[in-house]
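1. Sequence and computational prediction follow.
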Amino acid sequence: MNSHEQMWKELGLDVELHKELLKAIDKTFKQTVGAQKNRPASMEYFDHVLHESHGGRVAELIEARNKGGKFIGTFCIYVPDEIAMAADAIPVALCGGTQFSIPYGERMFPRAICPLIKSTFGLALSKTCPYGPIKDLGVGETTCDAKKKAWDVVNFHVMEVPQKKSKLDFDLWYQAVVDFKNRVEELTGRKVEAKRLSETIKIMNEKRRALQRLNEFRKHDPPPISGLDALVVMQAALNDDPVRFTEHLNKLNDELEDRVKKGISPFKKGTKRVMISGCPSVMGNWKLHSLIEKSGAAVVIDETCTGTRYFENLVEDGSCDLNGQIKALADRYMKIDCACFSPNNERMESIEKIVDAYRVDGVVQYILQYCHGYNVEAIRVAGILKKRNIPNIKIETDYSEEDMGQLRTRIDAFLEQLR
Amino acid sequence: MEEGIIKRYTILDTGVEPLRNIQRLLNDQEYDRLTATGYGRYLAQTHLNCPVITEIKAYAAGADFLFPGCRTVLDIGGQDSKIIRVNNGKVEDFEMNDKCAAGTGRFLEVMATTLGYTIDEFSQLAAQSADTVAINSMCTVFAESEVVSLIARGEDRRSIALGLHQSILNRILALMGRVGFEEKIVFAGGVAKNRCMIHLLERKLGKRMLIPEEPQIVGAVGAALTAYHSQDSPITLNHRGVHVSRGRVRKERSE
């Protein structure tokens, strides 16, 4: 990560501790992402986004705020960026993926909650998160109990994500989207208008289309890009300006198209194809992808919040009036098949389609420790995979290194089964 | 091994310098093929330039060699415990405890020390106990303080020892419940030397456990067999496996 010491000082960060954090993340990055061979040249930009996530990106947000803009921190892919952007706010996802801050998170929060929450709040509590001090609004949601109650502690705006999919639930979610719009308008003092909203819907749809195209290339044997690099792109997607991001992703996609034609890949043809399914891997967390690919398989698709759940389904904006647009937005976001829903048949159907489309040889169900939703839903997922004779293994783990030996053995043995 | 026959084996503590121990074992030894398994497999690979397999695959192959047609392998070792479903020596499915020493041989070792027993006394006295005390903690650290409180309350040490064995049994039964099991069941790993554990398992499952003469070399046997079968047209071969894991370096080789 690049240094912006003066800015960090002004933001009131613990500059020394922050240096240690960056050093720790840098080390993990070098051992995982940096240690890969035969990466696409266009990955340089996405590496750069991650390296500047505590530097250049923060400086950019400060500049926007000085010009009257507002910055919204989000923590889940249910928050409709389109609406925030249409009111001239800048939404950035702020989830923590580093072990470094977890001990600080555990000073306030219970140990038995997921590492993502502990890491996120640990960054704030240890004064090593440069986004906290400049955040004008935090937006949370109700996808799990630990998050739901954490927002209560820090007084965030909470969007109520329903738990079922009846008419009542759709109405509730629609209202949550409207309330979010009102809250953002109140924050920025600007009304969300149909014309601007149709522009931001287009921006986000373009971003999703580019991500969909990237993932289309992963269907090839061998895929022209590693799963770890595809994850880096996703992590950048959650942090970067969407227009700039899409521009660079289109360049990467063109390079990948060329690599497919020329047969360039980090993998040999016939490399076993693995799907990671379940919980997200946010910035700082490259553990599982790296382990699987170091053991000789290719991660060809992520059925996670940092994967298909983020970019599947465009907003189908066929109307030019605001109500119609908000309805279209609510419908699109309600299609995200988070394990907080019960029943969650849509996710089962989606998994069946994905394993076919990506010709998956085996599935690693990735459960962040204490994520009860995905952990219990893993039983149903295992059931549908078993019916199709696709081996699957459930890995429940946190961000720490302490279980690397056991994990490596389990993953190696799982991959031996695929041979 | 030579032509699929075990010629010699050595069991040695891994110690803090596993690499030096492996080198000592392999010094002046002739061999055609070598395969490493266990937690230290990549360490061995880096220095000996040999292929590696997981101990899960190794145990499946080794158990099927020692007890042909076996369908389930239960391995309770120092670092972890696992259940492997086997078919023709191949892994069908497996379950393994996640990150800590709960439910492993290490747990029993620590608890024996806490009770002031050697590991042999520990299993013998537990087996003799008529009563048992329930141990609630599966975590090695928490269980240790639970045991200390039980001693302070004046509970019979033998009953506590039996309770500790039963807590491992419960953990193993949970793993077996997840992956299922079928006869023949081979019980391997260091804990398969524990008579009390064998007795408890057989009584609870109502099945007989097949125990290798030397339960600690099953992984090394599997590694050696994998080496033997790794290429076409096997000629006369000396082949050996090295199993590097917590507690022991296991090696078996031909003369």
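-> Yep, that arrived.

2. Run through the strands of the stretch 51-200 of chain B in chain order.
-> Using DSSP state E, counting those that start in this stretch, the strands found in the stretch 51-200 of chain B span residues B:72-76, B:81-87, B:90-96, B:185-188.

3. quick one, which of these is nearest to A:Thr32?
-> strand B:90-96 (23.5 Å; Cβ to Cβ). All C-beta atoms are positioned from the backbone trio N, CA, C, and that covers glycine.

4. Could you name the helices and strands sitting against that closest one?
-> Packing contacts for strand B:90-96, counted by 3 or more Cβ pairs under 8 Å, 6 or more residues apart in numbering or on different chains; DSSP states H and E, involve helix A:404-418, helix B:55-66, strand B:81-87, helix B:157-179.

5. how about 6 Å then?
-> Applying 3 or more Cβ pairs under 6 Å, 6 or more residues apart in numbering or on different chains; DSSP states H and E, one finds that strand B:90-96 contacts helix B:55-66, strand B:81-87, helix B:157-179.

6. what are the pairing partners of it, and which direction each?
-> Next to strand B:90-96 in the sheet, as set by DSSP bridges, lie strand B:81-87 (antiparallel).

7. quick one, the strand it pairs with and strand B:72-76 angle?
-> For strand B:81-87 against strand B:72-76, the angle by axes from the mean of the first three to the mean of the last three Cα atoms, to 10 degrees is 160 degrees.

8. Distance from stretch A:75-93 to the middle of the chain?
-> 14 Å (Cα atoms, centre = their mean, to the nearest Å).

9. So for that stretch, first residue to last residue, what's the gap.
-> Start and end residues of stretch A:75-93 are separated by 5 Å (Cα to Cα, to the nearest Å).

10. Give me the average confidence score over it.
-> The pLDDT scores in stretch A:75-93 average 97.

11. Quick check: bridge partners of the residue lying closest to A:Cys279 once chain neighbours are set aside?
-> Once flanking residues are discounted, A:Cys279 sits nearest to A:Leu368: 4.2 Å by Cβ to Cβ, 6 or more residues apart in numbering or on different chains. When bridges are called by DSSP bridges, A:Leu368 pairs up with A:Thr397.

12. what does chain A put close to chain B?
-> A:Asp403, A:Gly405, A:Gln406, A:Thr409, A:Arg410, A:Asp412, A:Ala413, A:Glu416, A:Gln417 (Cβ under 6 Å from any Cβ of the partner chain).

13. Out of those, the closest to B:Gly180 would be?
-> A:Gln417 (15.6 Å).

14. To what extent is that closest one buried, counted in neighbours?
-> 20 (other Cβ atoms under 10 Å in any protein chain shown).

15. same thing with A:Gly189?
-> 10.

16. Looking at B:Glu146 now. What's its pLDDT?
-> Looking at B:Glu146, the pLDDT reads 88.

17. oh sorry, the question was meant for B:Cys100
-> 63.

18. which residues touch stretch A:307-321?
-> A:77, A:194, A:201, A:205, A:208, A:211-212, A:325, A:328-329, A:332, A:335-336 (Cβ atoms under 6 Å, 6 or more residues apart in numbering or on different chains).

19. what does stretch A:34-46 give?
-> Residues contacting stretch A:34-46 (Cβ under 6 Å, 6+ apart): A:Ile225, A:Ser226, A:Asp229, A:Val232, A:Val233, A:Ala236, A:His248, A:Lys251, A:Leu252, A:Glu255, A:Pro266.

20. and it, how far apart are its ends?
-> Stretch A:34-46 has its terminal residues 12 Å apart, counting by Cα to Cα.

21. What average pLDDT does that stretch get?
-> On average, stretch A:34-46 scores 97.

22. With stretch B:20-38 instead?
-> 84.

23. wait, what's in contact with the residue nearest the centre of chain A?
-> For chain A, the residue nearest the mean C-alpha position is A:Thr306 (3.3 Å; Cα atoms, centre = their mean). By Cβ under 6 Å, 6+ apart, A:Thr306 lies in contact with A:Met234, A:Pro280, A:Ser281.
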